[in-house]
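>>> Using only what follows, build the 3D model:
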Amino acid sequence: MEKEVFMWKQLIWYYVILNPALATQQFGQQKIIRDLFQMFLEAATTQKNLSIFPHSCRENVANADGSATLVRLIADLIAGLTERQAIKLHRRLTGVSLGLVLDHIDFG
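Residues are numbered from 1 along each chain as shown. The predicted structure is shown next:
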């Protein structure tokens, strides 16, 4: 049984975890999350463009009493996004795909 489990683990590592297609996808996903975090942090610390935050957390961001609180608010906001929402939001904020003015940005 132990040898069989070991074999399955090796197969999963080789065909799934170390798969270049998965690695490139994960690299892109990590970049999206880093970019979103940086954009939100810059908007919050400069108190400019607070309108990119959803209405539900704008006041909390504006009144954050320290950098740790602000970082946590932003991390929680991003963590609440689905993969699809994060990609759509990243495309809009970077100008890759602006969408329509009436398109609703769903923050989860």
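>>> use CA for all of it now, contacts and neighbours both
Will do.
>>> so I105, which of the three states?
The three-state label given to I105 by DSSP: H, G, I helix; E, B strand; the rest coil is coil.
>>> Quick check, pLDDT for it.
Confidence at I105, expressed as pLDDT, is 70.
>>> tally of neighbours for it?
Number of residues near I105 (other Cα atoms under 10 Å) recorded here: 12.
>>> tell me which element R58 falls in.
helix 55-62 (DSSP states H and E).
>>> which strands and helices sit next to the helix or strand that that helix is followed by?
With elements assigned by DSSP H and E, the helix or strand that comes after helix 55-62 is helix 67-79. Helix 67-79 is packed against helix 20-46, helix 55-62, with contacts defined by 3 or more Cα pairs under 8 Å, 6 or more residues apart in numbering; DSSP states H and E.
>>> show me what contacts the residue nearest the centre of the chain?
Centroid-nearest residue in the chain, with Cα atoms, centre = their mean: I33, separated by 3.3 Å. Listed by Cα atoms under 8 Å, 6 or more residues apart in numbering, the contact set of I33 reads 78, 86.
>>> between the helices and strands packed on helix 67-79, which gets the lowest average pLDDT?
Taking the mean pLDDT of these, helix 55-62 comes last: a mean of 89.
>>> Run through the neighbouring helices and strands of that one.
When contacts are defined as 3+ Cα pairs under 8 Å, 6+ apart, helix 55-62 packs onto helix 67-79.
>>> C-alpha coordinates for the next helix or strand after the helix it packs on, CSV please?
Next along the chain after helix 67-79, taking DSSP H and E as the criterion, comes helix 83-94. Only the C-alpha atoms of helix 83-94 are listed here, as CSV (Å, rounded to 0.1, in the frame of the first residue of the first chain):
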residue,chain,number,x,y,z
GLU,A,83,-10.8,33.8,-10.1
ARG,A,84,-13.0,35.1,-12.8
GLN,A,85,-13.8,38.3,-10.9
ALA,A,86,-10.1,38.9,-10.2
ILE,A,87,-9.2,38.5,-13.9
LYS,A,88,-12.1,40.8,-15.0
LEU,A,89,-11.1,43.5,-12.4
HIS,A,90,-7.5,43.3,-13.4
ARG,A,91,-8.3,43.7,-17.0
ARG,A,92,-10.4,46.8,-16.3
LEU,A,93,-7.9,48.4,-13.9
THR,A,94,-5.0,47.8,-16.3
